[in-house]
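>>> Pasting the sequence and the predicted coordinates here, then a few questions.
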Amino acid sequence: MTTPDLLAQLNFARFCILTNCEGISDGQALLEPTKDGNPANRIAGHIVATRRSLFPLLNLEHPWSEEQCSVYNTPWVEVDRVKLAPLSEIMRVEAQTFEQLANAVQNFKGNWDEHWPGSRPDRPQTYGQRVQFFMLHECYHAGQIGTLRKAIGLSGKI
């Protein structure tokens, strides 16, 4: 595992997020693709909120509080819609947290192949594998937003 590998994955995940969210208005981001289906707002917010659990690994502080993150880690049918941030705000925080992550990965002084002390004993994970997991998570959800574009009447992007 190398820093350039992780930066490439981080940049690809970001490309997918930005490309698939491009042109989605704050209102469109709240449209449910099916009854109780996750809208783009929930998915993009979930990406940003989930980064909070990666931040301690890289000695970073997430701009959202635990309470704000919990809104986006709650099943959509249980979310208090009043607590949702507009997609434009989510994308602002996505840019901020991306820069934090990119800088932290670029300046990581440890060994990516060293075991992360927070991993489970029965499933040891390295620092690099932990970061890779989050990049895969983000690409997965960015793909969901790409699919949602068509459900809300927009053309595909990727």
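Cool, got the structure. Numbering: from 1, shown residues only.

>>> any idea where the helices of the protein begin and end?
Counting by DSSP state H, one finds helices in the chain at the ranges 3-21, 40-54, 66-72, 87-106, 127-151.

>>> for these, which one ends up most surrounded?
Among these, the stretch with the highest mean neighbour count (mean count of other Cβ atoms under 10 Å) is helix 40-54, at a mean of 23. Where C-beta positions appear, they are placed from N, C-alpha and C, glycine not excepted.

>>> Tell me if I'm right that W112 and P4 touch.
No: using Cβ atoms under 8 Å, W112 is not in contact with P4; the gap is 10.7 Å.

>>> re the thing from before, how about TSV for the helices of the chain, with distance to L60 added?
Shown next, in TSV, are the helices of the chain (distance: least, Cβ to Cβ, whole Å):
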stretch	distance to L60
helix 3-21	13
helix 40-54	8
helix 66-72	14
helix 87-106	5
helix 127-151	12
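
>>> With distance to T34 and mean pLDDT added, can I get those in JSON lines?
Formatted as JSON lines, these follow (distance: least, Cβ to Cβ, whole Å; pLDDT from 0 to 100):
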{"stretch": "helix 3-21", "distance to T34": "18", "mean pLDDT": "95"}
{"stretch": "helix 40-54", "distance to T34": "13", "mean pLDDT": "96"}
{"stretch": "helix 66-72", "distance to T34": "19", "mean pLDDT": "96"}
{"stretch": "helix 87-106", "distance to T34": "19", "mean pLDDT": "97"}
{"stretch": "helix 127-151", "distance to T34": "8", "mean pLDDT": "93"}
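
>>> can you tell me which of those helices comes nearest to E78?
Closest of the helices of the chain to E78 is helix 66-72, at 9.9 Å (criterion: Cβ to Cβ).

>>> Kindly export the closest one (C-alpha atoms) in PDB.
Coordinates of each C-alpha in helix 66-72 appear next as PDB, following Å, rounded to 0.1, in the frame of the first residue of the first chain:
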ATOM      1  CA  GLU A  66     -21.700  13.900  16.200                       C
ATOM      2  CA  GLU A  67     -25.300  14.900  16.300                       C
ATOM      3  CA  GLN A  68     -25.300  16.200  12.800                       C
ATOM      4  CA  CYS A  69     -23.500  13.100  11.500                       C
ATOM      5  CA  SER A  70     -26.100  10.900  13.300                       C
ATOM      6  CA  VAL A  71     -28.800  12.500  11.100                       C
ATOM      7  CA  TYR A  72     -27.200  11.000   8.100                       C
END
